[in-house]
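# from the sequence below, what's the structure:
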Amino acid sequence: MKTVGMGVVFTLGSCLAVVLAACGGGGENEEPPSAMGKIAFHSERDGNLEIYVMNADGSDQTRLTDNPATDWLPAWSPDGTRIAFASQRDGNDEVYVMNADGSGQTRLTDNPAYDFGPAWSPDGSRIAFVSDQDDNLEVYVMNADGSGQTRLTDNPAEDRFPDWSPDGARIAFESNRDGNDEVYVMNADGSGQTRLTDNSAGDLFPAWSPDGSRIAFMSDRDGNREIYVMNADGSGQTNLSNNRTDDGEPAWSPDGTRIAFQSNRDGNFEVYVVKADGSSQTRLTDNPAPDYGPAWSPHGARIALKSDRERDYEVYVMKADGPDLIRLTDSVDTDGFPGAWFPAP
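Presented below is the predicted three-dimensional model:
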């Protein structure tokens, strides 16, 4: 786990956005050449966390940020021309943006509080983020140039992990305003805040399906963390993973038919995939080291992950059915793990 700012905990699969394109082409289950792109990740190879970019096959690894402070949590704009990220170069986490080649680094937020976790709206015009500038974590939104910063949530509890609906009209988030973590949804202007889950356990990390009709999330209502899915209005809440150990980090396939996740049911964390109805759970990785944070390629043929099977965390990619695991990074320090894939133009 990684702790940031005012005790905010990011699990291994959620604290970083990595944009990855396919490795290879041809064949029924391969990415087409048009899907090739870049990978953004953070790495400690230079003594502190910096943001890097590389080709989809791991070549041409280039450092984009360069300062003694922490730069991390990169998030690509929908058109791939910019990267938002969090940086501590000013003494606390602030949200920055830069061009995809690292030029034009610009601070978007500027206050003594922690601002982090940038999430682009689907049209790239706005960025949601989390800030404790009001003495507790709240969800904010701003224009992509940093103007028009607006607080969307306003209560004494913590609101965090905003996730835009595919049409940009709504934002799902988690809040402990009712005494424990629950999944909420609101309109993109902050109105219509509605609690979707309601139980004494923690419901965490909402993730919209590609068509916006459903939301996957994590819940420990059964005594341990499991992967659940529900309709966008909160109805039909269903346990998909259903075992006695922890399952987490749900990631929808691009066509919405499958969900990849991590599970420690085999004694250490491995990457699994399950159909969206809960059937056909399949283990994709199998080794004594933990594998975390699965992320799908744009066409669903490959899955990226982070693994410490080489005794330090590296970024890997594999086919969606598990074979042909390829290590993309190779350094003696931690390299950040994947969160989102982005195809080339």
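# so how far is Ala86 from Glu94?
7 Å (C-beta to C-beta, to the nearest Å). From N, CA and C alone the C-beta is placed, and that goes for glycine too.
# kindly apply the preceding question to Trp164 instead.
18 Å.
# coming back round to it: between Glu94 and Ala86, who's got more neighbours?
Neighbours per residue, other C-beta atoms under 10 Å: of Glu94 and Ala86, the larger number sits with Ala86, 29 against 22.
# contact partners for the more buried one?
4, 70-73, 93-96, 115-118 (C-beta atoms under 8 Å, 6 or more residues apart in numbering).
# do that again at 7 Å, thanks
Going by C-beta atoms under 7 Å, 6 or more residues apart in numbering, Ala86 touches 72-73, 93, 95, 116-118.
# is it correct that it falls within a strand?
Yes. Checked against DSSP: H, G, I helix; E, B strand; the rest coil, Ala86 lies within a strand.
# thinking again about what came up before, any idea which of the contacts of Ala86 is the one closest to Asp233?
Gly117 (25.3 Å; C-beta to C-beta).
# isn't that closest one right up against Ala75?
No. Between Gly117 and Ala75 there is no contact under C-beta atoms under 7 Å: 8.5 Å.
# so these two - more neighbours on which side?
Gly117 (28 against 24).
# was I right to think Pro206 contacts Pro162?
No. Using C-beta under 7 Å, Pro206 is not in contact with Pro162; the gap is 9.0 Å.
# quickly list what's touching both of those two.
Common neighbours of Pro206 and Pro162 (C-beta under 7 Å, 6+ apart) are Phe173.
# ends of stretch 226-235, how far apart?
17 Å (C-alpha to C-alpha, to the nearest Å).
# contacts for that stretch?
Residues contacting stretch 226-235 (C-beta under 7 Å, 6+ apart): 196-197, 212-219, 236-242, 247, 250, 259, 261, 276.
# report the buried members of these.
Neighbour counting with 16 or more other C-beta atoms under 10 Å marks 196-197, 212, 214-219, 237, 240-241, 247, 250, 259, 261, 276 as buried within the contacts of stretch 226-235.
# in strands, which of the contacts of Ala86 fall?
72-73, 95, 116-118 (DSSP state E).
# those residues, buried ones only, as a PyMOL selection?
Buried subset of the ones in strands among the contacts of Ala86, written as a PyMOL selection, criterion 16+ other C-beta under 10 Å:
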select buried, resi 72+73+95+116+117+118
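# partner residues bridging the nearest residue to Asp324 once chain neighbours are set aside?
Residue nearest to Asp324 in three dimensions, not counting chain neighbours: Met318, with 5.9 Å by C-beta to C-beta, 6 or more residues apart in numbering. Beta-bridge pairing of Met318 under DSSP bridges involves Ile303.
# count of residues packed around Met318?
20.
# show me what contacts it?
Here Met318 is in contact with 284, 302-303, 324-326 (C-beta under 7 Å, 6+ apart).
# Glu310 versus the closest residue to Asn143 other than its chain neighbours, what's the distance?
Distance criterion C-beta to C-beta, 6+ apart; nearest residue to Asn143, sequence neighbours excluded, is Arg126 at 6.0 Å. Separation of Arg126 from Glu310 (C-beta to C-beta): 39 Å.
# the more surrounded of the two?
Shown here are Arg126 and Glu310; by other C-beta under 10 Å, Arg126 has more neighbours (18 against 14).
# if I look at that one, how far off is Lys319?
35 Å.
# show me where the stretch 1-150 of the chain has its strands.
Per DSSP state E, counting those that start in this stretch, the stretch 1-150 of the chain carries strands over the ranges 2-4, 8-10, 38-43, 50-55, 62-63, 71-76, 82-87, 94-99, 106-107, 115-120, 126-131, 138-143, 150-151.
# same question but for the stretch 151-300 of the chain, I mixed them up
159-164, 170-175, 182-187, 194-195, 203-208, 214-219, 226-231, 238-239, 247-252, 258-263, 270-275, 282-283, 291-296.
# can you redo the ones you listed as JSON lines with mean pLDDT and distance to Thr153?
Below are these laid out as JSON lines (pLDDT from 0 to 100; distance: least, C-beta to C-beta, whole Å):
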{"stretch": "strand 159-164", "mean pLDDT": "96", "distance to Thr153": "4"}
{"stretch": "strand 170-175", "mean pLDDT": "98", "distance to Thr153": "7"}
{"stretch": "strand 182-187", "mean pLDDT": "98", "distance to Thr153": "8"}
{"stretch": "strand 194-195", "mean pLDDT": "98", "distance to Thr153": "12"}
{"stretch": "strand 203-208", "mean pLDDT": "96", "distance to Thr153": "14"}
{"stretch": "strand 214-219", "mean pLDDT": "97", "distance to Thr153": "17"}
{"stretch": "strand 226-231", "mean pLDDT": "97", "distance to Thr153": "21"}
{"stretch": "strand 238-239", "mean pLDDT": "96", "distance to Thr153": "27"}
{"stretch": "strand 247-252", "mean pLDDT": "93", "distance to Thr153": "23"}
{"stretch": "strand 258-263", "mean pLDDT": "95", "distance to Thr153": "27"}
{"stretch": "strand 270-275", "mean pLDDT": "95", "distance to Thr153": "31"}
{"stretch": "strand 282-283", "mean pLDDT": "94", "distance to Thr153": "38"}
{"stretch": "strand 291-296", "mean pLDDT": "87", "distance to Thr153": "26"}
